[in-house]
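need the 3D shape of this:
(3 chains)
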Amino acid sequence: MEFRTSRRDFFGLSGGAIGAAALPFLKSLPAAAAEGDVLVVVTGQSINSLDLHRTGTNRASYQVAVNAYDRLVTFGSKATEDGGLSYDYATIEPELAESWSTSDDGLTITFKLKPDATFWDGAKVTAHDVKWSFDRAVTVGGFPTVQMKAGGLVRPDQFEAVDDSTFVVRLDRPSKLSLPDLAVPVPFIINSEVAKAHATADDPWAMEYLHMNPAGSGAFKVAKWTPGEQLIYERNDAWVGGPLPAVQRVVVREVPSPATRRALIERGSVHLSFEIPDKDAKELDGKLQVFSTPVENCINVVGLNYIFEPFQDPDVRKAVAYAIPYEEIFQTAAYGRGKPMWGGSGELDSIEWPRPSPYFTDLDKAREHLERSAFASGFEVPFSISLDLADWMEPTALLIQENLTKLGISTEIEKIPGANWRTASLVDKRLPLHLENFGGWLNYPCYYFFWAYQDGHLFNSSNYRNEEVETLVEETLYLPIDDPDYAPKIKRLFEIAFEDLPRIPLWQPALNVAINRAEGYEYWFHRQPDMRTLSTG
Amino acid sequence: MSSVIASPQIGRQGALDHTLYVLRENPVTLIAFAMFALLCVAAIFGPSLVPYDPLASNAAIALEPPSWAHWFGTDNLGRDVFSRVVVATRLDLMISVAAVALSFVVGSVLGAAAGYWGGWLDMVLNRVLDTIMAFPLFVLAMGIVAALGNTIENIVYATAIINVPFYARLVRAEVNIRRDAGFALAARLSGNSDFRVLAFHIFPNALPPMMVQVSLNLGWAILNAAGLSFIGLGVRPPTPEWGIMVAEGANFIVSGEWWLAVFPGATLMLAVFTFNLLGDGLRDIVDPRKRT
Amino acid sequence: MVFGVVVISFVLTRALPGDPAVYFAGPAADAASIEEVREALGLDKSLPQQFLIYLGDLVRGDLGQSISTGQSVFSDLANRLPASLELTLTALLMSCGIAIPLGVLAATRPGSWIDHLCRVLVTAGVSLPTFFTGIVLIYVFYYLLGLAPSPLGRLDFIYIEPDHVTGFYLIDAALAGDWETWIGAAKQLVLPATTLALFTLAPVARMTRAAMLGALSSDFVRTARASGLGSGTILITYAFRNALLPVITTLGMVFSFSLGANVLVEKVFAWPGVGSYAVEALVVSDYAAVQGFVLAMALLFVTLNLIIDLAYMMIDPRIGFEAR
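Numbers count the residues shown, from 1 in each chain, chains lettered A, B, ... in the order given. As a prediction, the model looks like this:
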């Protein structure tokens, strides 16, 4: 190990020297050669639209909404244990809004806009722009509309531009989710005059135009976008949403091969490699700056589908839970990155979520449970994993498969390609045994249960239904967390979840980012790079 | 195959002598035959010879470099790479041989018929072949496997389909050039049926270039399966297969765990290598012009 | 034939498992929003209806919209096809430059150590999976030695891409007289083109050797030799010219094959070509993109075949299937 590391360092150095020697050829210096105001980021994902509201916009594209657009409010930031930064769910700070107030009944939120806020073209940001943008988000359908709904924002008549600088949101019921939901990437504010100029009768929301041409007020303008290759951000010096970014330009390059990305960051050709594999995070830690932030409100779980007869038997579910080799999975599939979610005390002392389940690896206990069930002699079941997530799902599935075989439960691993995975696992919910990794943007346990444990909801891939869970989720979802009823109800939800086990928690995954000669990385719940705080070091 | 070639004039003894002669003349072919024998042994007896269970994981010894206990090291789940490489031989040979045999037979029949009789048969076949060839082949194979599901049979079918046009066109061209050649006319005049002339007089002439094609294709078939694995559409885990092992191991090279990809890669290369050299050797044995 | 391709690609894409409406409706879609997406994509109609609409669009030259890249398929292909072609052609040129002389050399000395060495070398090249070769090359030449530029696609981000004329960076940069960019683009090309060239060496070299052997042992060469012509003349004018026929057939096959095979090379080197585009589209069931890609390839193939047929006639007057 020692030898290999030192040799690699040596070659790294000499390689750098050769690279520098070749430089006189070039008029402009490469970004790698310490040019302070250009930052280069590599990612494996591909940005497919500059407009988050458009149908078919993928996750990677959300970063454009984050970096090029502003919202009314944003989250604060806090230091993390490993010395990095994270957004702070507990504090909400102004972005385009200067101030806001909530009425006593909690039904009306009034925002005052910053007077000096302007769009890139110099036009003033007005409440009418906000109204137009919010109307768009709740009208266009698909993901943005669903996300707005989570905050109780459903219809255009809930939004009113009182005057140029005053904007009012009216809610049907008070909800703790409403204000945080305005800080997620979806309700971003568009230059409505520019957009309307490009709208047509068929396309009243200028979807075609904004898809390729963003019109915002954010910290960065999009200087150039070559789909499938790169996106270049240029700083907006007139930005008032927060402290001005330190770098002038950010180049986001798409590199599909993880091995190539690793070589690039390790050799210092790029400043930041986003979402690196757990293995690289473990091995690069120490050599480079690596941040592994456990993803909030997200758990990698084994789903046991209730439509599959053996899994209706509680003893079978517990047998599976005791058969899983948790520690080995955590070490081989996650390389120790993230947080273990097994072997908990079973004592529900707080409403912290995710929390370790009371289960641990014990094959004898597993056998006991299986013998008590109606399927003592075992059964056969396909074990489905997603091709896109094979990175962690495949080793996990293989290790679970091995232990289940010891119980007499034989499995065949089935890899399902991307397009089909969502249909099969989340929409049709027809996979008997599978892996799943839902994470909620809004960091409340009730929000997680709403999506993953309520009957018919998208991430409830196990077809789980429990009447008590249905009521408890309905009751807690809008309840403020300091309400005295909240904690007991949530604890009851935890108890049922661990007893019924439609989802067996494995570990809380981490979002890994490696940085070479740069600083200011901040973790966000949306799992996209926020370029605004970054600087070259 | 050689029985087809060893037509009545030359007896079995002659063919054997010729084979021995070629082997003596060409040491590389001899080596190829030896390696082929080794592959066959691994394919037949491999599973009972290997030191470890190729599927048994052991997280405690994950990613260990080659040692006396684990000749080829261990993979990310602590499985013995050597055992997996040896056990994979059977599956890989099966996939490539099945796919190539299928496309060889189908392609020869179609190509010979079209080249010999011509006319509308030729036209129709040409259109169909062109249509297949007009597809980017690897993407076609991907599409077929993605649509039908990634089982071993479907990988074989996909590989066979994309190879058929190569054989058909080659045979068609060879047959077309020779159908009115002197020896073919002579054979026909001496009372042979069209089928006999085609099968025993014209078709054997197409064999040497076909042999080159077969030898290349056996290799391509394995590489094709490996490529499918790289995209994620290959054989299902945890079944050991060279292509998957290289594809998965390739991601470990940059982090220094070279043995994961290099050993299966080297074995794969050796197998493709063997097939190719074997093809050359076979060509020398079956070439009617060389046998004088 | 092109129509056949259109039909097959339509059927094949529809046979893919998975529901694009669900995939593209986003991470938190409910049943209603999935329905909305399905309608927006026109997937709520029956298959024959969808096919007719597709044909109608095709006639008007509209290849549709790719959902995964968010661009029109036509502009995607127009941007990416030159990248793939540039890579493939460079690789083929490299490969021919090495393989044809090797093949001729081997054929003139069959059975010698040169012959054996040739076989071993080219066979070694074709025996390696391209993605494996690619990653090893990156590891050695970029990561360890630092000789190659960072594998970041067609041009390092320090260069400005040349004005779009042909889409081939080498040609465009040369036209613009921007030799710095030309060198930059050429440097990026070296590793991926080598990877692909290694893979295509074998078929070309072997077919050259086989065809040359055949030609050299043929009657007309014997006659030529007997009439005392110089060995160089015999080799080039008589044998090689006759051997070219199967070599060109092979080249055509290799070209179409490597356009498909460089899918994997493109992935490893982050090369923005059509191959990686098609793979991604296929995995997410992006119908329009897959169909557009297949159609473009088919048209390319037709053109290629036309060129090969013309070359055939020029080289070998015996060929003339239709004329009979």
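
going forward, measure contacts between C-alpha atoms and count neighbours the same way
Will do.

contact partners of the longest strand seen in chain A?
Using DSSP state E to define each element, chain A has its longest strand at strand A:85-94. For strand A:85-94, the surrounding residues in contact (C-alpha atoms under 8 Å, 6 or more residues apart in numbering or on different chains) are A:72-80, A:180, A:183, A:241, A:443, A:520-525.

of those, just the buried ones, ChimeraX syntax please.
This is the ChimeraX syntax for the buried subset of the contacts of strand A:85-94, where burial follows 16 or more other C-alpha atoms under 10 Å in any protein chain shown:
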select /A:72,73,74,75,77,78,180,183,241,443,520,521,522,523,524,525
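
picking up where we left off before, what's the mean pLDDT across the longest strand of chain A?
Averaged over strand A:85-94, pLDDT sits at 91.

now stretch A:118-132
Rounded mean pLDDT across stretch A:118-132 is 95.

what lies in contact with it?
A:113, A:116-117, A:159-167, A:189-193, A:215-218, A:221, A:236, A:238-239.

give me the buried entries from these.
Looks like these have A:113, A:117, A:159-161, A:164-167, A:189-192, A:215-218, A:221, A:236, A:238-239 buried, using 16+ other C-alpha under 10 Å.

over to residue A:415: give its phi and psi.
Phi and psi for residue A:415, reported as degrees, to the nearest 10, are phi -90, psi 130.

now do the same contact list for it.
Going by C-alpha under 8 Å, 6+ apart, the list of residues near residue A:415 reads A:384, A:385, A:386, A:387, A:390, B:236.

low-scoring stretches of chain B, by residue?
Chain B contains residues with pLDDT under 70 at B:1-15, B:22-23, B:25, B:212, B:216, B:280, B:283-292.

residue boundaries of the helices in it?
Taking DSSP state H, the helices of chain B run over residues B:2-5, B:12-25, B:27-49, B:81-117, B:119-134, B:137-148, B:152-178, B:182-189, B:194-196, B:203-231, B:242-250, B:259-286.

what's the spacing between the longest one and its chain's center?
The gap between where helix B:81-117 is centred and where its chain is centred comes out at 5 Å by C-alpha atoms, centre = their mean, to the nearest Å.

the last one too?
Here helix B:259-286 is found 10 Å from its chain centre; the criterion is C-alpha atoms, centre = their mean.

when you scan that helix, is anything in it near chain A?
No - residues of helix B:259-286 are not located near chain A by C-alpha under 8 Å from any C-alpha of the partner chain, the shortest gap being 12.9 Å.

show the pLDDT at the residue nearest the centre of chain C.
Nearest residue to the geometric centre of chain C (C-alpha atoms, centre = their mean): residue C:259, 1.8 Å. pLDDT for residue C:259: 75.

for it, pull up the helix or strand it's in.
Assigned by DSSP states H and E, residue C:259 belongs to helix C:241-268.

next, the angle helix B:203-231 makes with that helix.
10 degrees (axes from the mean of the first three to the mean of the last three C-alpha atoms, to 10 degrees).

please see if helix C:241-268 touches chain B.
Yes - using C-alpha under 8 Å from any C-alpha, helix C:241-268 reaches chain B at C:256, C:257, C:259, C:260, C:261, C:264.

thinking again about what came up before, can you list the helices of chain B in a markdown table and add distance to chain C?
Formatted as a markdown table, the helices of chain B follow (distance: least, C-alpha to the nearest C-alpha, whole Å):
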| stretch | distance to chain C |
| --- | --- |
| helix B:2-5 | 18 |
| helix B:12-25 | 8 |
| helix B:27-49 | 7 |
| helix B:81-117 | 9 |
| helix B:119-134 | 5 |
| helix B:137-148 | 4 |
| helix B:152-178 | 8 |
| helix B:182-189 | 14 |
| helix B:194-196 | 19 |
| helix B:203-231 | 6 |
| helix B:242-250 | 6 |
| helix B:259-286 | 5 |
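
pLDDT below threshold where in the chain?
The chain I'm using is chain A. A:1-36, A:419.

you answered for a different chain; I wanted chain C.
In chain C, residues with pLDDT under 70: C:1, C:18, C:24-30, C:157-158, C:160, C:260, C:315-324.

can you give me the helices in it?
Using DSSP H, the helices assigned to chain C run over residues C:2-15, C:20-24, C:31-41, C:47-59, C:73-108, C:113-126, C:130-137, C:169-176, C:179-216, C:219-226, C:231-233, C:241-268, C:274-283, C:287-315.

out of the contacts of stretch A:118-132, which are inside helices?
A:192, A:193.

what does the stretch 151-300 of chain C put close to chain B?
Residues of the stretch 151-300 of chain C lying near chain B (C-alpha under 8 Å from any C-alpha): C:203, C:206-207, C:210, C:256-257, C:259-261, C:264, C:278-279, C:282-283, C:294, C:297-299.

which of those count as buried?
C:203, C:206-207, C:210, C:256-257, C:259-261, C:264, C:278-279, C:282-283, C:294, C:297-299.

also within reach of chain A: list those from those.
Answer for these near chain A (C-alpha under 8 Å from any C-alpha): residue C:283.

enumerate the residues of chain A near chain B.
Counting by C-alpha under 8 Å from any C-alpha, chain A sits next to chain B at A:4, A:258-260, A:262-263, A:280, A:283, A:328, A:331-332, A:387, A:394-395, A:398-399, A:402, A:413-415.

one more time with 6 Å, if that's ok
Within chain A, the positions lying close to chain B (C-alpha under 6 Å from any C-alpha of the partner chain) are A:259, A:328.

how about the closest residue to chain C within chain A, secondary structure?
The minimum distance from chain A to chain C, using C-alpha to the nearest C-alpha, falls at residue A:420 (3.5 Å). Assigned by DSSP: H, G, I helix; E, B strand; the rest coil, the conformation of residue A:420 is helix.

can you get me a residue count around it?
23 (other C-alpha atoms under 10 Å in any protein chain shown).

ok, now how distant is it from residue C:279?
15 Å (C-alpha to C-alpha, to the nearest Å).

repeat for residue A:340
Distance from residue A:340 to residue C:279, by C-alpha to C-alpha: 35 Å.

same thing with residue B:211?
Residue B:211 is 32 Å from residue C:279, by C-alpha to C-alpha.

one more: residue A:485?
52 Å.

and residue A:483, by the same measure?
In terms of C-alpha to C-alpha, residue A:483 sits 52 Å off from residue C:279.

go on, residue A:237?
Distance, residue A:237 to residue C:279, using C-alpha to C-alpha: 40 Å.

what does residue C:177 give?
35 Å.

SS state for residue A:507?
strand.

and it, how many neighbours?
28.

thinking it is in contact with residue A:337, fair?
No - Residue A:507 is beyond contact range of residue A:337, at 9.2 Å (criterion: C-alpha atoms under 6 Å).

residue 141: neighbouring residues, count only.
Picking chain A for this. There are 21 residues near residue A:141, going by other C-alpha under 10 Å.

switch to chain C, please.
Residue C:141, neighbours per other C-alpha under 10 Å, totals 17.

let me see the contact set for residue A:216.
A:69, A:119, A:190, A:191 (C-alpha atoms under 6 Å, 6 or more residues apart in numbering or on different chains).

tally of neighbours for the first one?
Number of residues near residue A:69 (other C-alpha under 10 Å) recorded here: 24.

I figured it hits residue A:220, correct?
No - under the criterion of C-alpha under 6 Å, residue A:69 is not in contact with residue A:220, lying 7.9 Å apart.

ok so, going back, would you reformat the contacts of residue A:415 as TSV and include neighbour count and distance to residue C:224?
TSV is the format used below for these (neighbours: other C-alpha atoms under 10 Å in any protein chain shown; distance: C-alpha to C-alpha, whole Å):
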residue	neighbour count	distance to residue C:224
A:384	25	68
A:385	25	67
A:386	23	65
A:387	21	62
A:390	17	63
B:236	18	58
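
what residues are up against residue A:338?
By C-alpha under 6 Å, 6+ apart, residue A:338 lies in contact with A:294, A:508, A:509, A:510.

for residue C:309, give its distance to chain A.
Separation of residue C:309 from chain A (C-alpha to the nearest C-alpha, to the nearest Å): 36 Å.
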